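K.L.:
need a 3D model of the sequence below.
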Amino acid sequence: MRDEGFSKIIPETVKGLFKKLNIGMNDVDKLVFPCFFKAEHRAISKRLGAKPDQVIDSMHEVSGDTGAAHPLVMLVSALEASKPGDRILLAGFGQGCDALYFRVTEKIKSLMDYHMHRFRDQVLVEVRNSEPADLADPGLALIKRRILEKSNDLFGDPILRSIIFSQFSYIEQ
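P.N.:
Numbering: from 1, shown residues only. A predicted model of the protein is given here:
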């Protein structure tokens, strides 16, 4: 799984996005992708040509593995440290891989100054406080809706339009 998934599919997907957008790693300020294995996270980053200061920490020591929400938790961390003009590449691996490219706008200053860590906390709280039935829903519809509603309420503006979980694991203990 690790060799074929993280090590192969993430780089292929990111390079595909680079080709489609006619950009390269020099057009990325922050590279965001979850990988539980630190050495593998570093190896993939290096394979993509990323410098260590471009790579966002996987945050596993801080939050554990939050499953499908983990790329979003990491994105929030990247946004908290961003300034206008920063370019963020986000990749999420699950049953396939998605790669997204963002450019941070001027609005980040006022949003993050005011809301700082509340957005990340909101995502974590919503996922962790979900009922087992909500987590068993293959589309995670209720969880997505709650994160959207609470996050947009937090920002005071509907800046999020949808949430996509590209990876999700539910283990009942």
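
K.L.:
what number of residues lie near Glu40?
P.N.:
Glu40: 17 surrounding residues under other CB atoms under 10 Å. The C-beta positions use only the backbone N, C-alpha and C, and glycine is treated the same way.

K.L.:
once you drop chain neighbours, what's closest to it?
P.N.:
Closest residue to Glu40 apart from its sequence neighbours, by CB to CB, 6 or more residues apart in numbering: Phe6 at 5.7 Å.

K.L.:
could you do Leu142 as well?
P.N.:
Nearest residue to Leu142, sequence neighbours excluded (CB to CB, 6+ apart): Asp134, at 4.9 Å.

K.L.:
off-centre distance for the helix or strand hosting that neighbour?
P.N.:
Taking DSSP states H and E as the criterion, Asp134 maps to helix 132-136. In terms of CA atoms, centre = their mean, to the nearest Å, the centre of helix 132-136 is set 21 Å apart from its chain centre.

K.L.:
please apply the same query to stretch 27-44.
P.N.:
Centroid separation for stretch 27-44 versus its chain: 11 Å, with CA atoms, centre = their mean.

K.L.:
and the next element down the chain from the helix-or-strand element of the chain with minimal mean pLDDT?
P.N.:
Ranking every helix and strand in the chain by mean pLDDT, DSSP states H and E puts helix 107-115 at the bottom, with a mean of 70. The helix or strand immediately downstream of helix 107-115 is helix 118-128, counting by DSSP H and E.

K.L.:
confirm Leu90 sits in a strand?
P.N.:
Yes. Applying DSSP: H, G, I helix; E, B strand; the rest coil, one finds Leu90 inside a strand.

K.L.:
pLDDT score for it?
P.N.:
With respect to pLDDT, Leu90 has a value of 92.

K.L.:
flag the shaky bits of the protein, pLDDT-wise.
P.N.:
Counting by pLDDT under 70, the chain contains low-confidence ranges at 1-5, 112-117, 155, 157-162, 164-173.

K.L.:
in it, which helix is the longest?
P.N.:
Ordering each helix of the chain by length in residues (DSSP state H) puts helix 141-155 first.

K.L.:
what's that one packed up against?
P.N.:
helix 107-115, helix 118-128, helix 132-136 (3 or more CB pairs under 8 Å, 6 or more residues apart in numbering; DSSP states H and E).

K.L.:
center of the protein - which residue?
P.N.:
With distances taken as CA atoms, centre = their mean, the residue of the chain nearest its centroid is Pro71 (2.4 Å).
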